[in-house]
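>>> predicted model, plus sequence, below.
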Amino acid sequence: MSNAPGRFPALGLSVLAGAIFASVTAEFLPTGLLPDMAADLDVSLSRVGLLVTVFAATVVVATTPLTLLTRRVSRKALVILVLLVNAAATLLAAAAPTYELLMGARVLAGLAHGLFWACVGSYTTNLVPRHQLTRAIAITGAGGSAAFVLGVPVGTALGHAVGWRLAFVGIALTMVVLAALVIRYLPAVDHRVPVKTGEIPLPLAKDRTLPTVVLVCVVIALVLTGQNVIYTYIAPFIADAGFGEAGVGPMLFLYGGAGAVGLFIAGSVGGRRPVATLLGSLGVVIASILLLGALPGSPVVVAVLVLAWGTAFGVVPPLLQTRNLGTASPRLRDLASAGMTTAFNAGIGGGALLGGLLLDAWGLTALPWAAAAIVAVGALVLIPELLRNRAKPQEPSVRV
């Protein structure tokens with residue numbers, strides 16, 4: 001069991017990053033293959049976009065109850081189990097002959113994905129002490145960035161070349177490989193918080209760190225809603241900007257690469273100046289999306305704005321995650337992680353749903369304006385909390 005501070009667990013964190021890579025790629029792969037899936041299943045783009053919404057809604061509804069039901073289960077065993085269930089669900093999606101069966105497979109994948117994130121989010125805090133938390137989250141977060149840099153673009157290109165179903169098979173097999181690597185290389189942790197002799201544990205609802213955790217989760221939900229109003233439908237947006245369908249994969253690669261740069265910024269600068277880095281990044285995200293709405297006709301301008309957008313947004317999730325997990329008390333850590341997972345997916349699903357409604361009513365040009373406005377609301381909600389507490393969140397105690 002690894003809970004004590006010691007040598008930095010780079011290998012174990014890298015395995016977690018790989019598992020995150022596979023899970024995030026599987027979650028967002030439909031965004032790059034929307035036209036292919038819609039044509040194959042003979043449904044509209046907005047109906048395929050609804051797959052993202054239903055997936056995320058499943059995570060929102062199920063993550064916290066599943067986290068409570070599995071709170072006594074070994075975290076390592078749980079990571080392995082949910083990876084294998086997600087792999088099976090992704091294979092079912094690849095084989096689904098109808099839209100309805102595909103939707104059912106995505107619901108099963110959503111159940112596994114939500115529990116995976118609730119477990120992985122708190123796993124990092126049990127592997128490293130507080131002063132290494134930002135660095136550790138940057139490493140595991142690299143898996144998410146790699147999904148956007150490689151996973152989704154390569155899956156998109158593969159889907160265009162040989163069919164979207166084989167792309168799903170490929171990511172399912174990747175999950176199986178990652179489950180084997182988890183078995184071999186990820187250290188086990190003791191996630192339980194023992195009660196001291198004579199101590200009466202307070203209900204979680206009275207935990208003094210709960211209000212800040214809830215506020216950060218609300219901000220995450222708002223920012224991700226705005227982000228996914230436009231990102232869910234980025235493939236047709238890019239194609240209509242002058243790149244055509246052939247340009248979607250390279251542009252997604254550009255966006256993902258920019259996100260990796262943003263992750264590096266979060267790990268190197270965000271730990272020293274978290275407030276300025278987070279607020280500055282949110283400002284660049286808002287400005288970039290607004291300009292995408294105002295200047296959609298020039299491929300060069302769109303490429304520059306996608307680069308700025310991807311870089312800035314790459315900074316935001318790891319810093320919000322660090323603030324959430326760094327603030328939460330040890331007893332609240334698993335539920336804080338579950339709440340964060342719920343918030344992320346409420347934003348992903350809500351953004352996909354709202355984007356689909358706007359797409360059907362007013363077309364692609366409406367998406368950037370709505371997206372920027374919602375991200376701005378999230379930033380405004382966050383500013384008072386950041387200004388009240390410019391210092392780093394207190395270290396969750398590390399058990400020896």
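Here it is on my side, so go on.
>>> so who does the closest residue to Phe148 other than its chain neighbours touch?
Using C-beta to C-beta, 6 or more residues apart in numbering and skipping the chain neighbours, the partner closest in space to Phe148 is Gly256 (3.2 Å). From N, CA and C alone the C-beta is placed, and that goes for glycine too. By C-beta atoms under 8 Å, 6 or more residues apart in numbering, the residues touching Gly256 are 145-150, 152-153, 310.
>>> I'd guessed Leu158 sits against Val169; true?
No - with contacts counted by C-beta atoms under 8 Å, Leu158 stays clear of Val169, the gap being 9.7 Å.
>>> neighbour count: the two, which is higher?
Per other C-beta atoms under 10 Å, whichever of Leu158 and Val169 has more neighbours is Leu158, with 21 against 18.
>>> pLDDT score for the more buried one?
As predicted, Leu158 sits at a pLDDT of 89.
>>> one more: Ala179?
94.
>>> per-residue pLDDT, Ala371?
95.
>>> what number of residues lie near it?
Close neighbours of Ala371, defined as other C-beta under 10 Å, add up to 27.
>>> other SSEs contacting the helix or strand containing it?
In this assignment (DSSP states H and E), Ala371 forms part of helix 367-388. Under the contact definition 3 or more C-beta pairs under 8 Å, 6 or more residues apart in numbering; DSSP states H and E, helix 367-388 sits against helix 210-231, helix 274-294, helix 333-362.
>>> closest one to Ala372 among those helices?
With C-beta to C-beta as the criterion, Ala372 lies closest to helix 274-294 of those, at 4.3 Å.
>>> other SSEs contacting the helix or strand that contains Gly170?
Per DSSP H and E: Gly170 is located in helix 164-185. Secondary-structure packing of helix 164-185 (3+ C-beta pairs under 8 Å, 6+ apart): helix 10-32, helix 34-41, helix 75-95, helix 152-162.
>>> quick revisit: for the residue nearest to Phe148, which three-state class applies?
State at Gly256, reduced to three classes by DSSP: H, G, I helix; E, B strand; the rest coil: helix.
>>> excluding chain neighbours, what is closest to Arg121?
For the record, residue 121 is Gly, not Arg. Using C-beta to C-beta, 6+ apart, the closest residue to Gly121 is Ser337 (3.3 Å).
>>> quick check: that neighbour vs Cys217, distance?
10 Å (C-beta to C-beta, to the nearest Å).
>>> these two: which is more packed in?
Counted by other C-beta under 10 Å, Ser337 and Cys217 do not tie: Ser337 has more neighbours, with 26 against 21.
>>> I'd say the more buried one and Thr124 touch.
No - using C-beta under 8 Å, Ser337 is not in contact with Thr124; the gap is 9.2 Å.
>>> shared neighbours of those two, anything?
Leu325.
>>> and the gap between Leu210 and Thr327?
10 Å.
>>> ok, now Thr212?
Thr212 is 5 Å from Thr327, by C-beta to C-beta.
>>> ok, those two, which is more surrounded?
More crowded of Thr212 and Thr327, by other C-beta under 10 Å: Thr327, with 22 against 19.
>>> wait, that one touches Leu215, no?
No - with contact defined as C-beta under 8 Å, Thr327 and Leu215 do not form a contacting pair (9.5 Å).
>>> what kind of secondary structure is the closest residue to Asn126 other than its chain neighbours in?
Excluding its sequence neighbours, the residue lying closest to Asn126 (C-beta to C-beta, 6+ apart) is Val189, at 3.9 Å. Counting by three-state DSSP, the backbone at Val189 sits in coil.
>>> ok, Val189 touching Tyr123?
Yes - contact criterion C-beta under 8 Å: Val189 and Tyr123 qualify, at 6.4 Å.
>>> so between the two, which is more surrounded?
Tyr123 (26 against 21).
>>> on that earlier part again, among the helices and strands packed on helix 367-388, which is nearest Arg165?
Comparing these by C-beta to C-beta, helix 333-362 comes nearest, at 21.3 Å.
>>> what are the buried residues along the closest one?
By neighbour count on 16 or more other C-beta atoms under 10 Å, the buried set for helix 333-362 is 333-356, 358-359.
>>> residues in contact with Leu295?
301-302, 305.
>>> now, which of those residues sits nearest Ala239?
Using C-beta to C-beta, the contacts of Leu295 come closest to Ala239 at Val302, 11.1 Å.
>>> Gly242 is in contact with the closest one, correct?
Yes - counting by C-beta under 8 Å, Val302 touches Gly242, with 7.4 Å between them.
>>> who has more neighbours, those two?
Neighbour count, other C-beta under 10 Å: between Val302 and Gly242, Val302 has more, with 22 against 15.
>>> tell me what the strand or helix carrying Pro65 is packed against?
Using DSSP H and E, Pro65 falls within helix 45-69. In terms of contacts (3+ C-beta pairs under 8 Å, 6+ apart), helix 45-69 is packed against helix 10-32, helix 34-41, helix 99-127, helix 333-362.
>>> how far off centre is the longest one?
Using C-alpha atoms, centre = their mean, to the nearest Å, the distance from the centre of helix 333-362 to the centre of the chain it belongs to is 10 Å.
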